[in-house]
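Visitor: Give me a model of this one.
(2 chains)
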Amino acid sequence: MQMYDLPDSRGHFGRYGGVFVAETLIHALDELKREYERYRDDAEFRAEFEYELEHFVGRPSPIYHAKRWSELLGGAQVYFKREDLNHTGAHKVNNTIGQALLARRMRKPRVIAETGAGQHGVATATVAARYGMQCVVYMGSEDVKRQAQNVYRMKLLGATVVPVESGSKTLKDALNEAMRDWVTNVHDTFYIIGTVAGPHPYPMMVRDFQSVIGKECIEQMPRMCGRQPDMVIACVGGGSNAMGIFYPYLPHDSVRLVGVEAGGEGVATGKHAASLTAGVPGVLHGNRTYLLQDDDGQIVETHSISAGLDYPGVGPEHAWLKDSGRAEYVTIDDAEALQAFHDCCHYEGIIPALESSHALAYAAKIAPGLAKDTILLVNLSGRGDKDMHTVAEKSGIKF
Amino acid sequence: MSRIRPIFERLARERRKALIPFVTAGDPSPAHTVPLMHALAEAGADVIELGVPFSDPMADGPVIQRASERALKQHVGLDAVLGFVAEFRKRDDRTAVVLMGYANPIEAMGVEAFARRAQGAGVDGVLVVDYPPEECAAFAELMHAHGMDLIFLLAPTSTAARVADVTRLASGYIYYVSLTGVTGAATLDVADVGAKLAAIRARTSLPLGVGFGIRDAASATAIAAVADAVVIGSKIIQEMEAAGPADAVERASRFVSGIRKALDERAPAERAPA
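Guide: So this is what the prediction gives:
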């Protein structure tokens, strides 16, 4: 494959990405872009980032051969990249550390974030506590109700959680509100975006911080099984864990990259969050990408059993990878993800996040039809402790 | 051709300032919009900024977002908005109409279809909040080719280089947002606005409108001393919310004519006519 040097200087991945924001935000984004470019390859910045990943997060995260499940499936060998073992329980913290270190260098004592299920909010509150920064997390009031535990967790970590009452009262509204805060308080505030979406430089910056996942895999896989995998599988909401594991693999032509979107109740029902599979390109939240929208160009509400995948857009680099054919995108519906969740618990003793369960479900779906020496590497992006309520409710259990 | 330039030229000759009210199309109901536009014109509006409802109005404050939500509940989108403008044009060929909204509904319609239909409906200018100049050179060309102006925002944080980028593509007028926050935010520093406008005038001869934070006759006349046009949005919507649907048009009209009166009574313009 030819050299991959995207995005361009204005954040474009082909026709996707860019900076689609009001003039009031341009200054803040220009400053962020300038400062990130300054520190991106700075040796001291890199060293501090790596130190924190090792000692605070517990990296590198291991690769694990899911032997029992693979045997039961009777085909390909399934391996997990264990991001669930990270401090705070998911890949999200890789990125919040990177951005918090940048915020400190930019002398911004206050960080803000948007959160849906609360994972990114917790990861932001965690690093804010770690570095002694003031932290405000915006969360749709519906999500505040659904994710009471994560709200409490953020408060324990010293963050202020602001319930957002506008719009659908979910993630996208929290994002709008966080943008508003940033525009108003940019002189002392750093906005930590949690995924590879938003205006440039966020998609690039978040990808860079998360690509530690894929870089480790490239070193670990040959040690573990003598070669790189045949396929890398990751779930895609905004797409940060997938970009993190895909990006270092982009030049490895023989490795297929598969992103798994949330099929909700089934793509045909319209109740899903599969932007790449069923959306059309448009402009939202500062970038051009695939969006779930109606004929009038209004963004529609999404549905998924997993709150972390419940987003009507997707990172622009995924849009580019889809169109270029370098990555493939498929869907797994709620029921399939839930089945994979239970199977992973039973056969491997690992409780996966419902988000990650989508990637597991796709691996479990295709493994039986593949040769026994085929290697599937699944990004197990988070642990499922946060999903106890959702899963129990599906089984008719109330705590 | 766009009515905007001739309007500003006439006002400059008359040493008057332009009054630009903003309302969201379809708020409080679709039936209100065309009568509301006529009432605003009769109350002394020179240009009407008509908000195109969008599900995710990232740059707007809670007041305009609420208006957008009310309109969307009644299925008012870009298609309906163009219908309102065409209807308004049957009785008003004088007042300029600028559509203000976000890129996605326009791209969903298709930029070329939008340009054609907007021109046909009698739209004079378009302000796409999330189209900064570097992302919309082709769109600006398309607007100009269809006889419409592309209006841009400038902010207190806009650098000289940004002003240059904007003035290269802008026509009609430039909309200076006087606060770094979102629409409907609180405080306003007129001296600061004046200094910033002077710096922008050094780079463009386009008229400068100022909005964000203008709430009454006093703030409007203060701004009119340094700007060519006064834009009022959130406050009109709040007035209509307070009045309720039955009295919304009358309340908006009364509020706007109060501002008009104050603007016209103020001391003659400091600036010589263009």
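Visitor: CA only for contacts and neighbour counts going forward, please
Guide: Noted.
Visitor: could you pull out the helices for the stretch 251-399 of chain A?
Guide: Taking DSSP state H, counting those that start in this stretch as the test, the helices found in the stretch 251-399 of chain A are A:275-278, A:316-324, A:334-348, A:354-366, A:388-394.
Visitor: Which of these sits closest to B:Met37?
Guide: helix A:275-278 (37.7 Å; CA to CA).
Visitor: roughly how far out does that closest one sit from the chain middle?
Guide: Centroid separation between helix A:275-278 and its chain, computed with CA atoms, centre = their mean, to the nearest Å, is 16 Å.
Visitor: picking that back up, redo the helices of the stretch 251-399 of chain A as CSV? Include distance to B:Lys17.
Guide: Converted to CSV, the helices of the stretch 251-399 of chain A look like this (distance: least, CA to CA, whole Å):
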stretch, distance to B:Lys17
helix A:275-278, 47
helix A:316-324, 44
helix A:334-348, 59
helix A:354-366, 56
helix A:388-394, 59
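Visitor: Quick one: residues contacting the residue nearest to B:Asp247 when sequence neighbours are not counted.
Guide: Nearest non-adjacent residue to B:Asp247, counting by CA to CA, 6 or more residues apart in numbering or on different chains: B:Met240, 7.5 Å away. B:Met240 makes contacts with B:Asp247, B:Ala248, B:Val249, B:Arg251, B:Ala252, as judged by CA atoms under 8 Å, 6 or more residues apart in numbering or on different chains.
Visitor: For PyMOL, write the select line for the buried members of those residues.
Guide: Selection of buried members from the contacts of B:Met240 for PyMOL, criterion 16 or more other CA atoms under 10 Å in any protein chain shown:
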select buried, chain B and resi 248+249+251+252
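Visitor: contacting residues for residue 35?
Guide: I'll assume chain A. Going by CA under 8 Å, 6+ apart, A:Glu35 touches A:Leu102, A:Met106.
Visitor: wrong one, chain B
Guide: B:Val249.
Visitor: can you list the weak-confidence ranges in the chain?
Guide: Went with chain A since none was named. A:1-3 (pLDDT under 70).
Visitor: Can you look at chain B instead?
Guide: B:180-187, B:267-274.
Visitor: who in it is up against chain A?
Guide: Contact residues (CA under 8 Å from any CA of the partner chain) of chain B with chain A: B:54-59, B:61-62, B:65-66, B:69, B:77-79, B:103-109, B:129-132, B:135, B:153-159, B:180-182.
Visitor: Distance from stretch B:134-144 to the middle of the chain?
Guide: From the chain centre to the centre of stretch B:134-144 is a distance of 19 Å (CA atoms, centre = their mean).
Visitor: swap in stretch A:241-251?
Guide: Centroid separation for stretch A:241-251 versus its chain: 12 Å, with CA atoms, centre = their mean.
Visitor: who touches it?
Guide: Residues from elsewhere that reach stretch A:241-251 (CA under 8 Å, 6+ apart): A:1-4, A:91-92, A:196, A:207-215, A:217-218, A:232-236, A:255, A:257, A:259, A:317-318, A:326, A:379, A:381.
Visitor: how about 7 Å then?
Guide: Residues outside stretch A:241-251 that contact it (CA atoms under 7 Å, 6 or more residues apart in numbering or on different chains): A:1, A:91, A:207, A:210-215, A:234-236, A:257, A:259, A:381.
Visitor: about what we covered before: a markdown table for the contacts of B:Met240, including secondary structure?
Guide: Shown next, in a markdown table, are these (DSSP: H, G, I helix; E, B strand; the rest coil):
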| residue | secondary structure |
| --- | --- |
| B:Asp247 | helix |
| B:Ala248 | helix |
| B:Val249 | helix |
| B:Arg251 | helix |
| B:Ala252 | helix |
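Visitor: So which of the contacts of B:Met240 is the closest to B:Val163?
Guide: Each of those was checked against B:Val163 using CA to CA; the closest is B:Ala252, at 33.2 Å.
Visitor: ok, for A:His342, nearest residue in space, not its chain neighbours?
Guide: Of all residues not flanking A:His342 in the chain, A:Ile351 sits nearest, at 8.0 Å (CA to CA, 6+ apart).
Visitor: From B:Ser29, how far off is that neighbour?
Guide: From A:Ile351 across to B:Ser29, the span is 50 Å (CA to CA, to the nearest Å).
Visitor: And B:Thr204, by the same measure?
Guide: Separation of B:Thr204 from B:Ser29 (CA to CA): 39 Å.
Visitor: And A:Ile193, by the same measure?
Guide: Distance from A:Ile193 to B:Ser29, by CA to CA: 36 Å.
Visitor: Also A:Pro203?
Guide: The gap separating A:Pro203 from B:Ser29 is 39 Å, by CA to CA.
Visitor: same check, this time on B:Pro245
Guide: In terms of CA to CA, B:Pro245 sits 8 Å off from B:Ser29.
Visitor: So between those two, which is more surrounded?
Guide: Remark: of B:Pro245 and B:Ser29, B:Ser29 carries more neighbours, 18 against 15, as counted by other CA atoms under 10 Å in any protein chain shown.
Visitor: was I right about the more buried one contacting B:Leu72?
Guide: No - with contact defined as CA atoms under 7 Å, B:Ser29 and B:Leu72 do not form a contacting pair (9.7 Å).
Visitor: check which helix or strand covers the residue nearest to B:Asp247.
Guide: Following DSSP states H and E, one finds B:Met240 within helix B:234-243.
Visitor: Would you mark the buried spots in that helix?
Guide: Across helix B:234-243, burial judged by 16+ other CA under 10 Å covers B:Ser234, B:Lys235, B:Ile236, B:Ile237, B:Gln238, B:Glu239, B:Met240, B:Glu241.
Visitor: mind checking how far the most centrally placed residue in chain B is from chain A?
Guide: Nearest residue to the geometric centre of chain B (CA atoms, centre = their mean): B:Glu49, 3.6 Å. According to CA to the nearest CA, to the nearest Å, B:Glu49 stands 17 Å off from chain A.
Visitor: Now do the phi/psi pair for that residue.
Guide: The phi/psi pair for B:Glu49 (degrees, to the nearest 10) reads phi -90, psi 120.
Visitor: correct me, but it touches B:Gly101?
Guide: No - B:Glu49 is beyond contact range of B:Gly101, at 9.8 Å (criterion: CA under 7 Å).
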